[in-house]
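*Asks:* sequence plus the predicted model coming up.
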Amino acid sequence: MKNRFSVFIIIFPALIFLPFHLSAQISGCTDPQATNYNPDATQNDGSCVYPPTSVPLSVVVNALPQAVNETSGLIYWNGGLWTHNDSGNPPELYKLDTLSGQILQTIIISGVQNIDWEDIAQDETHIYIGDFGNNAGNRSDLKVLKISKTDIPASGNASVEPEIINFSYGDQNSFVSANRNNDYDCESMVTYGDSLYLFTKNWVNQQTRLYALSKTPGNYEIFPKDNLNADGLITGADIQDGGEIVLIGYKNYNPFMWLLFDFQGSDFFGGNKRRINFTGVLGIQSEGIGYTFGSNVFISSEKTAVNPAKLFKLNTLQWTYSATTGIENMIPLRDSTQGMLIYPNPNNGNFFLEFDKPCSKSTFSTELYSVTGSLLRRNAYQSVNCTTEISFAGLSDGLYLLRCYSAEKVFSARFMVCN
C-alpha cells in the first residue's frame, strides 16, 4: 500500500496541470486585418483569410533603358538596383540608378551562357542568379550561378567568374516538351540561412511549389517542401531580414503580389499569406521584385507589345504591421544584421543612435520615412564614439523608418514615437 500511495502522489499533480498547460496556447488567426481574426489566439496557425485588396502602383521610371528591356530579376545592393535579362541575352548584370533607371555598371559573367536567367538573390557575401527558366518543362541543365560580391568593383564595369550549383527536380517524371503547359518552370528565388529557396511557375495548375537548394556548388536533386495556390504565375521573389517574403506575378497580364509574413523559420507558407492586386497597370508583365530599406520594394516589368520596360515602387508595411502584435515584436531593439541600435525605443522623437564597433568618426546622412513609405526629412549628423544624438521635433505618434548612410554601408531601423 505504501508504494501504491507514493506513485499516486507523483502522478496526480501531473494529471491536474497537464490540461491546464496545453490550454494556454490557442492556435488561430492572429492578424487583426484578417476577416477571421481570433483575438484569443496566441499562436498563428496560418489560417488567416483576407478581404480582396487592390492598390495602384507608383511609377518610378516609365521606360527603362533598352539594354534591360527583358529585366527578369531585381535586388538592391551597393546603392543601386541590380537586374539581368532572360533567355538569349548576354550573360550580364546591370546596376541601375534607383531614381532614373539609368545603367551605372555592367558586369559580365564569364564562361557561361544566359540560357534562361529568371531571378537574382543575395546574402551577405554572394549574389545568386537563377538559370532555371523552363518554359517547355524539359530542361536537364538547371543551375544557379554563385558570384562573390568581393569580385564586383564599387564602380566601373568588370568581368567575374561564377561558381555553379546544378540541380534537378526529384519529383519530375516526364521531360516531354510542353511549352507553357507544364508545372516545372521557375522564375523566383530567395536566400535564407544556408539554402536557396525556389518558387516554381506552374503554367497548368497556377500554383507554386517551394524547393530548398544548397548554396554550396555541386549537383543536387531537390524535392518540394510545400505549395501555395497562387492563382497566377509567380515570376519573382525577395525576402526581408528573414521575416517577410514578397512574390510577384501576373494572371492574364494583371499583376499581383503575395505577401508571406509571420512564419517560423523556412516554413514560408505556414504563416500569413495575403494577395495584393495592382490596378491601373493592365498589360504589365511584372518580373522582378526587391526590397530596399524596411518594407519598401521596387518592382520591374519587361517590355511587352503595349508597354516599355518599367520600374515601380511600393511599401508593404500597411498590410504586415498590426498594432496588437506589440512594439517588441515589430521593432527589435537591435537588428544584428543592420548593426545599429535606437534607444530608447519607443521615444518622443529624441533618441540616440549607436553603431556597432568598429565605426568611423565621420559625417553620415539620414532619411526619415513614414509608415507608408513617404520621405519626411533629410539630415546630416556627426558620429562620435559610435554614438549620435538624434532629435526629430514635432513627430506624431506612430511607426517610422530611419535610414542612415555612412561611408561604409547603409543602416535602417524602425522606431515608435509615443508622446
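*Replies:* Looks like it arrived, so ask away. Note that the structure is a prediction, hence the values are computed from the model and not measured.
*Asks:* count the neighbours of Pro224 for me.
*Replies:* Residues near Pro224, counting by other Cβ atoms under 10 Å, number 14. Where you see a C-beta, it was placed from the backbone N, CA and C, and this is true even at glycine.
*Asks:* who touches the residue nearest to Thr42 when sequence neighbours are not counted in this structure?
*Replies:* Of all residues beyond its chain neighbours, the one nearest Thr42 is Ile26 (5.1 Å), with distances taken as Cβ to Cβ, 6 or more residues apart in numbering. Taking Cβ atoms under 8 Å, 6 or more residues apart in numbering as the criterion, Ile26 is in contact with 38, 40-43.
*Asks:* same deal with Phe256?
*Replies:* Applying Cβ under 8 Å, 6+ apart, the residues near Phe256 are 232, 248-250, 275-278.
*Asks:* let's see that with 6 Å instead.
*Replies:* By Cβ atoms under 6 Å, 6 or more residues apart in numbering, Phe256 lies in contact with 232, 249, 277.
*Asks:* using CSV, write out every CA atom in the helix or strand hosting it.
*Replies:* Per DSSP states H and E: Phe256 is located in strand 254-261. Taking Å, rounded to 0.1, in the frame of the first residue of the first chain, the C-alpha atoms of strand 254-261 are listed here in CSV:
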residue,chain,number,x,y,z
ASN,A,254,-2.9,41.6,-64.5
PRO,A,255,0.0,41.9,-62.0
PHE,A,256,-0.3,40.9,-58.3
MET,A,257,1.8,40.2,-55.3
TRP,A,258,1.7,37.7,-52.5
LEU,A,259,2.9,38.8,-49.0
LEU,A,260,4.2,36.0,-46.8
PHE,A,261,4.8,37.0,-43.2
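*Asks:* what's downstream of it, the next helix or strand?
*Replies:* strand 272-279.
*Asks:* which other helices and strands does that next one contact?
*Replies:* When contacts are defined as 3 or more Cβ pairs under 6 Å, 6 or more residues apart in numbering; DSSP states H and E, strand 272-279 packs onto strand 54-56, strand 254-261.
*Asks:* off-centre distance for the first one?
*Replies:* If I follow you right, that is strand 54-56. Relative to its chain's centre, strand 54-56 lies at 20 Å (Cα atoms, centre = their mean, to the nearest Å).
*Asks:* and if you look at the longest one?
*Replies:* For strand 254-261, the gap between its own C-alpha mean and the chain's C-alpha mean amounts to 11 Å (Cα atoms, centre = their mean).
*Asks:* tell me the mean pLDDT over that strand?
*Replies:* Per-residue pLDDT over strand 254-261 has a mean of 97.
*Asks:* same question, stretch 274-286
*Replies:* On average, stretch 274-286 scores 94.
*Asks:* any idea how far apart the tips of it sit?
*Replies:* This stretch, stretch 274-286, spans 18 Å end to end (Cα to Cα, to the nearest Å).
*Asks:* buried residues, that stretch. List them.
*Replies:* Residues of stretch 274-286 classed as buried: 274-276, 278, 281, 284-286 (neighbour count, 16 or more other Cβ atoms under 10 Å).
*Asks:* cool, and stretch 137-146?
*Replies:* Neighbour counts over stretch 137-146 (16+ other Cβ under 10 Å) mark 137, 139, 142-146 as buried.
*Asks:* mind putting these into CSV with pLDDT?
*Replies:* Output for the buried residues of stretch 137-146, formatted as CSV (pLDDT from 0 to 100):
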residue, pLDDT
Gly137, 98
Arg139, 98
Leu142, 99
Lys143, 99
Val144, 99
Leu145, 99
Lys146, 99
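*Asks:* the residues you listed in strands, which ones?
*Replies:* With strands taken from DSSP state E, the overlap with those comprises 143-146.
*Asks:* can you map out the strands along the stretch 151-300 of the chain?
*Replies:* Secondary structure of the stretch 151-300 of the chain, counting by DSSP state E, counting those that start in this stretch: strands at 158-160, 163-169, 185-192, 195-201, 208-214, 218-222, 224-228, 233-240, 244-251, 254-261, 272-279, 285-291, 296-302.
*Asks:* and the pLDDT for the most centrally placed residue in the chain?
*Replies:* Centroid-nearest residue in the chain: Ile239, 1.9 Å away (criterion: Cα atoms, centre = their mean). On pLDDT, Ile239 comes in at 97.
*Asks:* now do stretch 164-178: distance to the chain's middle.
*Replies:* On Cα atoms, centre = their mean, the centre of stretch 164-178 falls 26 Å from that of its chain.
*Asks:* buried stuff in it?
*Replies:* Those would be 165-169, 178, for stretch 164-178 by 16+ other Cβ under 10 Å.
*Asks:* which of these lies closest to Glu124?
*Replies:* Ile165 (17.5 Å; Cβ to Cβ).
*Asks:* wait, that closest one sits on Val144?
*Replies:* Yes - look at Ile165 against Val144 with Cβ atoms under 6 Å: they come within range, at 4.3 Å.
*Asks:* that older thread, mind checking the helices and strands packed on strand 272-279 for the one nearest to Met340?
*Replies:* Here strand 254-261 is closest among those (Cβ to Cβ), at 22.4 Å.
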